[in-house]
Structure formats: C-alpha cells, structure tokens
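Asker: okay, structure incoming, though there's no sequence with it:
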Ligand SMILES: Cc1ncc(C[n+]2csc(CCOP(=O)(O)OP(=O)(O)O)c2C)c(N)n1
Ligand SMILES: [Mg+2]
C-alpha cells in the first residue's frame, strides 16, 4: 500500500509537470483494495484491470521500474513504451492488461477463467472494475457466462461512488453492486474497501471457493478516489465534506494504527514508507534517462510477431 501511495503521488506530480504523456487516472485512497485482493492471489492467477489500474498491477508483482518507464513511454517500459498508463500488461505474471474501455476486462477474465478450467490449471482470474461498469452489457454477459460454466472468476468491484463526473447513485435504481449478483445465481457481498484486512479476508474466502470449482464470486469494495477522475479534473461534482470524510478513513493510516497496536514502532512504520519513497525515486530517475523506443519498431507486434 505504501508503494502504491508513493507511486501514485509521484505520478500525479510528474503528470502536472508535463513529464508523463497521455492521461493518467490515479488510485490514491483505494490502495487497500489492490493490496488486499492481489495479496490473496497466486503468482500465476490472472488479472484484468481498468483505466485506474496502477495499484492492481503493482500489487500483482509487476516490476516497479518497468511500470514507471512504461508511463514515460520509454523502450525499457513493461510494454516497450507502447502501452502507457492505460494499457500496461505483464502476461508472465498473469496480468492481462489495464484497459481504457470501461467494462472490457470482465470478458477477458471470463476467457482466462475458461482456459484455466478447460486446461485444469487451477488458476483464478480476477476482473477489477468500477461501479460505473456495472451498467455496461459486458458485466451482465460475463457474469452470466461465468455462472453457467462455473468458471473460477472473481468480479472485484471498486465502488468509489463516481463514474467520471457523475454520482453513480443517480445512475441506477439499484445502487448496491453486490445485490446484482443474485440475478445470476452468484454470491455477492459488500466489504469496507479501505480496510486491507477485511479486503484480504473476503477475497481469500472467495478465491478459495472459485478454485475449488464453485464458480464465480462477486465482491463490492466500498472506497473513494482522493483525486479527480483524471489528473487535472477540477471536481465541481463532489461535495468537499464527502471527500474529507473519506480522507479520514485513509487505508494506510487504518493499517498503521493496527500495526502500532500490535507492537510496531514508529521507526518501523516510517522505514516502510521511506523504503517505498526511495524505490519510486530510483524508478523515476531510471525512466527519465532511459532510451526512447526506436521509431523503426513502431509496427512490431501489430500482426503478432
Ligand atoms: C465503453 C466506454 N464508455 C465510456 C468511457 C469513458 N469513461 C472512461 S472512465 C469512465 C467512468 C468509469 O467509472 P467507474 O467504472 O466507476 O471507474 P472509476 O473511474 O471510478 O475507477 C467513463 C464513462 C470509456 N472509456 N469506455
Ligand atoms: Mg467509480
């Protein structure tokens, strides 16, 4: 969680300073969902994520230097600088990719879950999605297919209550995402997404059910993004009191307080934060000085070579 926080704070700054091209969507405030879910997975489990996927990808074990270089569009990036923030993938770690198309990760995870089942791999596929994606057809089609085929797929919804500039509670008569699972005969539950232990406990149990052949599961993690939809969003659509009340439920602070109660010293906690900050600083320096991709390579991989 500290690494994701340090990464996202730095990325926000680099974007403001014009060092990172394209768009970036940060997950500041949502770190416990990424860490709690991905920390409950096997290294070979599959992951499909969204436009707000830096935290998920880092928590699944992607190389930090490769991530940062990818955001800079450099040749040493995880995708050779082709993907950028919204298309980071690392298939060797089961990371099927971030995705700029809202709702597009769920069918990918469904396919991965089907492959795992047919090949007897025992791998679980996790699809992260925002609550805004629940009104897309892909959510319903993917969940139904996973249900009838008993596929090992976890539908992990990050409900941060906003989809771009709209309050999601005004976009449907059924504001609970978890309740929608019942329509497909799937167990759905709602969990406090800023409590990493609650996230990990719910995910661990759901993943175990998926792996044992019981079919898909859906968990709705209630959380909040601290920054705007994208960096630079002025956010006129959100009440200040709402944002500040969620900042008081900072997932890192909740965890630090618990660790302190369990005997962790201030120095130990500070060391974790300092180590994360140092790793991010090193990654930025490497990305800044890394080579640009060779323009001659621009058509490579287009036809699968
Ligand atoms: C199919 C599609 N429709 C619309 C968009 C534009 N868009 C980008 S993000 C977004 C809202 C997503 O909200 P949510 O799923 O709640 O994710 P969050 O940004 O809150 O993490 C929209 C509508 C898109 N990228 N893809
Ligand atoms: Mg949302």
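Answerer: Yep, it's here. Every value quoted in this text rests on a predicted model; they were computed, and no experiment measured them. Numbering: from 1, shown residues only. Ligands and ions are numbered 1, 2, ... in the order given.

Asker: quick check: residues of the stretch 201-305 of the chain near ligand 2?
Answerer: Within the stretch 201-305 of the chain, not a single residue sits near ligand 2 (CB under 5 Å from the ion). For glycine as for every other residue, the C-beta is placed from the backbone atoms N, C-alpha and C.

Asker: how far away is the residue in the stretch 201-305 of the chain positioned nearest to ligand 1 from residue 64?
Answerer: Residue nearest to ligand 1 within the stretch 201-305 of the chain: residue 229 (5.7 Å; CB to the nearest ligand atom). Counting by CB to CB, to the nearest Å, the separation of residue 229 from residue 64 is 25 Å.

Asker: of the two, who's got more company?
Answerer: More crowded of residue 229 and residue 64, by other CB atoms under 10 Å: residue 229, with 22 against 18.

Asker: burial check on whichever residue of the stretch 101-250 of the chain sits closest to ligand 1, number of neighbours?
Answerer: The nearest approach of the stretch 101-250 of the chain to ligand 1 comes at residue 130, 2.3 Å away (CB to the nearest ligand atom). Applying other CB under 10 Å, we find 24 residues neighbouring residue 130.

Asker: find the nearest non-adjacent residue to it, please.
Answerer: residue 158 (5.6 Å; CB to CB, 6 or more residues apart in numbering).

Asker: my reading is that the one you found is in a strand; is that accurate?
Answerer: Yes - under DSSP: H, G, I helix; E, B strand; the rest coil, residue 158 falls within a strand.

Asker: residues in contact with it?
Answerer: Residues in contact with residue 158 (CB atoms under 8 Å, 6 or more residues apart in numbering) are 30, 33, 52, 128-131, 193, 221, 223.

Asker: just for this protein, where's the confidence low?
Answerer: For the chain, applying pLDDT under 70 flags the ranges 304-305.

Asker: how about the helices of it, start to end?
Answerer: Secondary structure of the chain (DSSP state H): helices at 2-16, 31-38, 54-59, 64-72, 105-118, 137-148, 177-180, 196-211, 240-247, 251-261, 266-289.

Asker: buried sites along the longest one?
Answerer: Of the residues in helix 266-289, 269, 272, 276-277, 279-280, 283-284, 286-287 count as buried by neighbour count, 16 or more other CB atoms under 10 Å.

Asker: how about the residues of the stretch 1-150 of the chain that lie near ligand 1?
Answerer: Within the stretch 1-150 of the chain, the positions adjacent to ligand 1 are 51-52, 100-102, 130-133 by CB under 6 Å from any ligand atom.

Asker: pick out the residue nearest the middle of this protein.
Answerer: Here the mean C-alpha position of the chain is nearest to the C-alpha of residue 56 (CA atoms, centre = their mean), at a distance of 3.3 Å.

Asker: skipping adjacent residues, who's closest to that residue in space?
Answerer: Nearest non-adjacent residue to residue 56, counting by CB to CB, 6+ apart: residue 49, 4.4 Å away.

Asker: got the contact list for the one you found?
Answerer: Neighbour list for residue 49: 56-57, 95, 97-99, 105, 128 [criterion: CB under 8 Å, 6+ apart].

Asker: residue 2 too?
Answerer: For residue 2, the contacting residues are 252, 272-273, 275-276, by CB under 8 Å, 6+ apart.

Asker: is it possible to get CSV of the residues you listed that adds distance to residue 11?
Answerer: Output for these, formatted as CSV (distance: CB to CB, whole Å):
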residue, distance to residue 11
252, 17
272, 20
273, 17
275, 18
276, 13
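
Asker: which of those sits closest to residue 213?
Answerer: residue 252 (36.3 Å; CB to CB).

Asker: spatially nearest residue to that closest one (excluding sequence neighbours)?
Answerer: Using CB to CB, 6+ apart and skipping the chain neighbours, the partner closest in space to residue 252 is residue 1 (5.4 Å).

Asker: quick one: residues contacting that neighbour.
Answerer: 31-32, 34-35, 196, 251-252, 255.

Asker: thank you, goodbye.
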